[in-house]
Structures are given as C-alpha cells and as structure tokens.
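J.: Provided below are the primary sequence and the corresponding predicted coordinates.
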Amino acid sequence: MAIQDVKPTRSELIDLKKKIKLSEGGHKLLKMKRDGLILEFFEILEKAKSIRAELDVQFDVSMEKVNIAKSVEGIVTIKSTAFSFKDTPSLEVQSKNVMGVVVPKIESSSVRKHINDRGYGIIGTSSRIDEAVDAYEVLVEKIILAAEIETTIKKLLDEIEKTKRRVNALEFKVIPELTEARDFIILRLDEMERENIFRLKRIKG
Amino acid sequence: MEIAVIGSSEFTLGFRLAGIRNIHETNGKDDLIPVIQNVLNDREIGVLVIHNDDLASLPENFQNMLDELVTPTTIALGGAGESSNLRDKIKQAVGVDLWK
C-alpha cells in the first residue's frame, strides 16, 4: 500500500487498525505453525536419513544378487520363477493430516514369505534365486517404509517453506506498510486538527 | 492397493521376484512419460518405484507433480539423486544442511 494512496480519514484509520490487529494475529499463528512443522520435521529427520541409507545399501545388495542369479541361471529361469509367485504385496494407503499437511500413511501385507509359501518349486530353482528373492523382499519392505517417511518429509519441507514466506511477508512487508499508513493518517489527522484550531482562533480574533 | 515399478528390464527384473506384478518396462526416456501417466491413472497403485536416473530425466514440472501426489507415492532408487534432492530441499526450507 503506497502512502500516497491512503485517504487520511478516521474510517480509514479504524480499518487500518483492524487490519494491523488481524495481520499481527495471523503472524503469531503462522509463526506457531512454522515452529510446530519444524518440530515435526526434526522428529522424522533421523528416521528418514537412516531409512534412505539402508534403502540405498539394500538396493545395491539386491541388484548384485539378482545379477548373480541372472548370470548363473539365465533371465528366462528368473522370469519363469517370478511368474509362479502366489501372492503379490498389497498396500493400504491412507492419508493423515499433520498441521494442515496431507501425508500418506502406508500399511502393507507381509512382504517376506517363507520359502515354502512363495509358490515356486524348491528343487527346480537354485539358492541364488532364493537369495535374490530374499533380498528383494527386504528391499520392498524398506521401499514401503521409505515411501511414507520421505513423502512426509518432503511435504513438511514444502509447507515449512510456504509458511516461512508468509511469516516473512507479514513481518517485513504487510505489517510495516500498514503501520506506516496508520502513522501517516494519525499525523495527517493531527495536522488537520491543528489547522482547524488555528483557523477558529483566527476567525475569533 | 499395489506397488508399481517402472524402468528398464534390468531395474525391474528383481521386483518380479518379490511378487510384484505391476511392472512396466520402458525402452528409453521417450516412452517414460506415457507409461507414468498410465500408472497415475490407475487408482489401484499406492507406491510407484522408479530409478533415479529416469526420474531425473523427466521435465521439472512433471517431477514436481509426482512429488505432490500422495497416491501414488513416488520413490526413487539407485544413485545419489534422491538424497541430494532431499538435502537441497532441507537447505532451502530450513536454511541449514541437516542431511549429513
């Protein structure tokens, strides 16, 4: 709001005072929201770091195991083994609200299965395939866990940034401009009052 | 809901062994976007697994759109792309590099 656009009237002053009060209230609330979001973020940060490290290691291990199985058994054997799997991992994705941020909550059926429950014959396949299956089952479990945590952390970070911008805009732009306009109106009204008194005194004199 | 995996045959092969049926093999970067869009249209997909290099090759607005979605939730594997992406986000939002 440019100072030259402000009309120095009492109603404008009342409006501005209301706006300042509202902005200060909003600023306080947004600051509290930002602090709350940062606390939530710190709570899951360590978890996110460790799960990402574990996921990267497990991915490398799993790739290595499947590549060994592929080179020894051949891709056709691996694909035919994969076709004989009985169950596929199923998920339940719900969303929950953390201080206005919608984050996923993922629950899954058990990914890891006993070797007898997988669906392929034990005699027809080698231990290399079993090892690769084991590794990928662990990887999928970690993926499900990481999907929830990483998405939550990303969404929290986006919201922290948005809230930070709003807090800064209110603190350094909106509230100072409104205060400046209010001070200008007060000054102008006082000036007009003095002019009136002076005019009245002159008329009397 | 299910897990979907998108990527090269080398990337997706192992996931078949974990019992995942929703696997989409791509032949390069060109058919990546239509395949991802097909997966996004499927309401039964809860988690989308993709290789970091494939994710990095997508246009930035498409990556942001994937980031925004809760169902499916996208998770990138392989390389250091995802952790550096998170590190950048943390630096930008909090102002300090806490991903050490």
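T.: On my side now, so go ahead. Residues are numbered from 1 along each chain as shown, chains lettered A, B, ... in the order given.
J.: ok, now how distant is residue A:163 from residue A:48?
T.: 20 Å (Cβ to Cβ, to the nearest Å). Just so you know, the C-beta spots here come from the backbone N, C-alpha and C atoms, and that holds for glycine as well.
J.: more crowded one of these two?
T.: residue A:163 (23 against 20; other Cβ atoms under 10 Å in any protein chain shown).
J.: Was I right to think that one contacts residue A:36?
T.: No. Using Cβ atoms under 8 Å, residue A:163 makes no contact with residue A:36, being 9.4 Å away.
J.: Would you mind pulling the contact partners of the helix or strand harbouring residue A:82?
T.: If you go by DSSP states H and E, residue A:82 is part of helix A:75-83. Applying Cβ atoms under 8 Å, 6 or more residues apart in numbering or on different chains, the contact partners of helix A:75-83 are A:66, A:69, A:70, A:120, A:125, A:129, A:132, A:133, B:13, B:16, B:17, B:19.
J.: mind redoing it with 6 Å?
T.: A:69, A:70, A:120, A:125, A:129, B:16, B:17 (Cβ atoms under 6 Å, 6 or more residues apart in numbering or on different chains).
J.: check contacts around the fifth one.
T.: If a contact means Cβ under 6 Å, 6+ apart, then residue A:129 has A:69, A:81 as its contacts.
J.: Next, count neighbours for the residue of chain B found nearest chain A.
T.: Closest contact between chain B and chain A, by Cβ to the nearest Cβ, is at residue B:16 (3.5 Å). Residues near residue B:16, counting by other Cβ under 10 Å, number 21.
J.: Kindly report the same for residue B:67.
T.: 17.
J.: Quickly find the element holding it.
T.: helix B:60-68.
J.: in stretch A:73-82, what's buried?
T.: By 16 or more other Cβ atoms under 10 Å in any protein chain shown, the buried positions in stretch A:73-82 come out as A:73, A:77, A:78, A:81, A:82.
J.: Kindly export that stretch (C-alpha atoms) in PDB.
T.: These are the backbone C-alpha positions of stretch A:73-82, laid out as PDB (Å, rounded to 0.1, in the frame of the first residue of the first chain):
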ATOM      1  CA  GLU A  73      20.500 -69.300 -14.100                       C
ATOM      2  CA  GLY A  74      19.600 -67.100 -17.000                       C
ATOM      3  CA  ILE A  75      16.900 -64.500 -17.400                       C
ATOM      4  CA  VAL A  76      14.300 -67.000 -18.600                       C
ATOM      5  CA  THR A  77      14.600 -69.100 -15.400                       C
ATOM      6  CA  ILE A  78      14.300 -66.000 -13.200                       C
ATOM      7  CA  LYS A  79      11.200 -64.700 -15.100                       C
ATOM      8  CA  SER A  80       9.500 -68.100 -15.000                       C
ATOM      9  CA  THR A  81      10.200 -68.300 -11.300                       C
ATOM     10  CA  ALA A  82       8.700 -64.900 -10.900                       C
END
